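**Student:** any chance you can model this:
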Amino acid sequence: MGEEWRRNWHPEIIPPATSKDNVLVVGAGPAGLEAALALSRRGHQVTLAEAGAELGGRIVAEAGLPGLQNWIRVRDYRAYMLSQMDNVEIYLESELDAAAVAEFGADQTVIATGSHWRRDGLGHNQRLPLEIDIGATILTPDDVFNGTEIPAEVLIYDDDHYFMAGALAERLLLAGHRVIYMTPAESISSWSVMTNEHEFIQQRLLSMGLESRFAQRLVRIGNGSLTTRNAYNADESGHDFNCLLLVTSREPNDSLFQQLPAASAKRIGDCLVPSSIADAVYSGHKFAREYGEDPLHLVPRRERAVLHTTEIQSGRTQ
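**Tutor:** Here you go, the predicted structure:
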């Protein structure tokens with residue numbers, strides 16, 4: 001959405017491919033689903049392989065967070081449309097390695113294997129991995145989604161600033177945990193000011209008993225304690241924790257891609273650049289639109305001011 005004019009895309013019509021290829025899409029998250037759907041609409045034979053037991057990737061976990069149930073529509077719409085396509089085969093619980101990909105022999109392999117949350121503290125403010133003591137109990141959102149048992153008291157450190165830390169805090173509060181929220185920012189899920197949810201999120205979480213610590217940047221993580229530095233006066237302070245949940249940044253799951261010949265595989269979505277669900281969908285769609293096309297025909301349009309003859313003659317140009 002928003003790219004139709006600039007990319008010369010029709011919002012509902014996708015041009016057929018000049019040649020019909022056999023394309024293997026590995027990973028059925030938002031990027032993989034969209035790529036598979038758009039490629040099949042262009043006439044390619046598409047095989048979609050998903051390591052998990054259901055389609056959706058990260059959407060399945062994130063749609064289970066409080067208030068985000070409607071996000072599952074990103075998966076449901078594409079899964080239904082794919083089920084109507086005669087040129088698409090879908091395989092669940094099919095984790096592929098490099099040998100299996102090579103044996104499949106597709107004309108093109110698309111790697112959409114997503115990403116995972118980092119455990120080293122690297123995030124928006126922390127540009128290098130932190131010093132972390134051996135034995136420190138550190139969890140990430142992936143652990144929560146995978147069913148790891150969470151202690152009664154949790155310290156969430158948010159250097160991602162998007163929806164994840166706030167939504168996880170609400171989930172844990174609803175489950176009866178004591179939750180302490182710490183961030184280098186000055187509010188909870190600070191990026192939510194861009195989506196007009198900022199005031200609502202603050203009110204809801206604080207009314208549920210969330211304890212907050214703002215303007216705190218991580219310095220080091222010990223076994224049961226961490227050190228932070230005030231974002232404004234550089235004063236350091238220590239904080240004890242039973243369980244530390246780091247929500248900082250994500251890293252691509254690109255090990256399969258790295259094992260494949262560069263000419264035979266392309267990365268899309270979070271496997272290329274971890275970002276939002278919308279960006280992952282766009283990445284998959286863009287790949288499908290451009291696959292097999294002449295790069296010279298794909299230069300984006302740009303608005304340019306048109307000078308009238310009278311303006312040129314009057315010397316009003318610069």
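**Student:** so where do the helices sit in the chain?
**Tutor:** Counting by DSSP state H, residue ranges of the helices within the chain are 4-7, 30-41, 58-62, 73-83, 98-104, 141-145, 164-174, 198-207, 255-258, 277-290, 309-313.
**Student:** for these, which has the smallest mean pLDDT value?
**Tutor:** Averaging pLDDT over each of the helices of the chain singles out helix 309-313 as the lowest, with a mean of 58.
**Student:** how deep is Ser255 tucked in, by neighbour count?
**Tutor:** The number of residues packed near Ser255 is 12, by other CB atoms under 10 Å. Placement of C-beta: from N, CA and C, glycine included.
**Student:** please disregard the earlier target; I meant Leu173.
**Tutor:** Using other CB under 10 Å as the criterion, Leu173 is surrounded by 19 other residues.
**Student:** distance check, the residue lying closest to it once chain neighbours are set aside against Met81.
**Tutor:** For Leu173, ignoring the flanking residues on the chain, the nearest one in space by CB to CB, 6 or more residues apart in numbering is Met208 at 4.6 Å. The span separating Met208 from Met81 equals 38 Å under the rule CB to CB, to the nearest Å.
**Student:** Tyr157 too?
**Tutor:** Counting by CB to CB, the gap from Tyr157 to Met81 is 39 Å.
**Student:** looking at these two, which one has more neighbours?
**Tutor:** Neighbour count, other CB under 10 Å: between Tyr157 and Met81, Tyr157 has more, with 29 against 15.
**Student:** let me know which of the helices of the chain is tucked in deepest.
**Tutor:** Here the criterion is mean neighbour count by mean count of other CB atoms under 10 Å, and of the helices of the chain the winner is helix 30-41, at a mean of 28.
**Student:** low-scoring stretches of this protein, by residue?
**Tutor:** 305-318 (pLDDT under 70).
**Student:** which residues touch Pro252?
**Tutor:** By CB atoms under 8 Å, 6 or more residues apart in numbering, the residues touching Pro252 are Thr113, Gly114, Ser115, Arg267, Asp270, Cys271, Leu272, Val273, Pro274.
**Student:** give me the number of residues near the last one?
**Tutor:** The one in question is Pro274. A count of neighbours around Pro274, defined by other CB under 10 Å, yields 20.
**Student:** what do you get for the second one?
**Tutor:** Using other CB under 10 Å, Gly114 is surrounded by 23 other residues.
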